[in-house]
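K.L.:
could you work out the structure for the sequence below:
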Amino acid sequence: MNQEERKMLLKSRNLQFENLERAIKDAVNVRSAYQAELRNIEGQSELSLEGKNRRKSDVAQKYAGRFQANNTEIAEKLSGLEKTLSELANDFDLSSPEFAAALRLIELAGPELDYQTLEKINSSFVGSQSALKALRATYKARGMNLDGGLSKMLYDIQPTFENLNVLAELAFKHQGSINNLSAELSRLAKSEGLEFPGTVDAAGFEQAARRGAGLT
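P.N.:
Okay, here's the model as predicted:
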C-alpha cells in the first residue's frame with residue numbers, strides 16, 4: 001500500500017466512525033420515541049391493565065421493524081470498519097524511512113527520551129497496529145519504563161470487534177444498553193487517535209445511574 005492509498009484508507013476510517021456515530025444516535029432517537037409512547041400509554045388512567053398491555057404490544061410491533069433496521073445497519077457499519085482497520089493494521093511498510101528513523105532514535109536515546117517525545121513518535125503511526133507493536137517491542141528491548149501512552153493505543157482487532165458485535169446485538173435486538181456499545185467504540189476511536197462519544201443515550205445513562213443508586 002502506497003502513501004496515497006493509506007491516506008485514502010485513513011479518510012475512509014474517519015468517515016466510518018462518523019457514520020457509526022450518526023447511526024447510533026438515530027437508534028437512540030427511535031428508542032426514545034418508543035419509550036415515550038409506552039409512557040403515554042402507562043399514563044392513561046382510563047385504560048385497564050389489559051388495555052394498556054394490548055396497546056403496548058401494538059407499539060412494540062410498530063417499532064420492531066425499526067429496531068431490526070437499526071441492528072442491521074450498525075452491524076454492517078461495524079463490519080466495514082473492522083475490514084478497514086484490518087487493512088490499516090497490517091499494510092504498513094515497516095521498512096519506511098519514517099519508521100526506520102523512529103527506531104534509530106529510540107535505539108540511540110532509549111531511556112533518555114521523555115514522555116512527550118515518545119507520545120509524538122507513537123502518534124506518527126496511529127492506525128497501524130503492526131507499527132505500534134514493533135515500537136512496543138523496541139521500547140521493551142531498550143528497557144524503557146515510559147511508552148508515551150502506547151499501551152492505550154494497542155488492541156487486537158478480532159476480539160475487539162467480537163465484543164462490539166455482542167454489545168450491538170444486546171443493544172438493538174434485546175433493548176440493552178446503547179451506552180455500553182458507544183463506550184467501547186469511544187475506547188477504540190481513542191486508540192486510533194480519534195474522538196467518539198462515550199455516552200450517546202442520556203436517558204439510558206440516567207436510568208442506569210438511578211438503578212445503581214437503588215432508586216428504581
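K.L.:
what's the closest non-adjacent residue to Leu78?
P.N.:
The shortest distance from Leu78 to any residue other than its chain neighbours is 5.6 Å, reached at Leu164 (CB to CB, 6 or more residues apart in numbering). Backbone N, C-alpha and C define where each C-beta goes, glycine included.
K.L.:
just list what the longest helix along the chain packs against, helices and strands only.
P.N.:
With secondary structure taken from DSSP state H, the chain has its longest helix at helix 49-90. Contacts defined by 3 or more CB pairs under 8 Å, 6 or more residues apart in numbering; DSSP states H and E place helix 49-90 against helix 3-42, helix 129-141, helix 157-173.
K.L.:
now the angle from it to helix 129-141?
P.N.:
Here helix 49-90 runs at an angle of 70 degrees relative to helix 129-141 (axes from the mean of the first three to the mean of the last three CA atoms, to 10 degrees).
K.L.:
just the angle between helix 49-90 and helix 3-42, please?
P.N.:
170 degrees.
K.L.:
centre of the chain to helix 49-90, how far?
P.N.:
Its chain's C-alpha centre and that of helix 49-90 lie 16 Å apart, by CA atoms, centre = their mean, to the nearest Å.
K.L.:
quick revisit: wait, which of the helices and strands packed on helix 49-90 is closest to Thr72?
P.N.:
Closest to Thr72 of those is helix 157-173 (CB to CB; 8.7 Å).
K.L.:
mind listing what's buried along that closest one?
P.N.:
Buried residues in helix 157-173, counted by 16 or more other CB atoms under 10 Å: 157, 160-161, 164-165, 167-168, 171-172.
K.L.:
export these as CSV, with columns for pLDDT.
P.N.:
Formatted as CSV, those follow (pLDDT from 0 to 100):
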residue, pLDDT
Ile157, 93
Thr160, 96
Phe161, 97
Leu164, 97
Asn165, 96
Leu167, 96
Ala168, 95
Ala171, 93
Phe172, 90
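K.L.:
from those, pick the one nearest Asn70.
P.N.:
For these, the nearest to Asn70 is Phe172 (5.1 Å; CB to CB).
K.L.:
what mean pLDDT does the helix or strand harbouring Ala183 have?
P.N.:
Per DSSP states H and E, Ala183 falls inside helix 178-191. Model confidence over helix 178-191, given as mean pLDDT, is 95.
K.L.:
gap between it and the chain center?
P.N.:
With CA atoms, centre = their mean, you get 3 Å for helix 178-191.
K.L.:
what angle sits between it and helix 157-173?
P.N.:
150 degrees.
K.L.:
what about the chain, any weak spots by pLDDT?
P.N.:
Along the chain, the model assigns pLDDT under 70 to residues 1, 203-216.
K.L.:
in it, which residue is closest to the centre?
P.N.:
Leu185 (1.1 Å; CA atoms, centre = their mean).
K.L.:
let's have the helices and strands packed on helix 49-90 in CSV, adding distance to Ile106.
P.N.:
Output for the helices and strands packed on helix 49-90, formatted as CSV (distance: least, CB to CB, whole Å):
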stretch, distance to Ile106
helix 3-42, 22
helix 129-141, 5
helix 157-173, 25
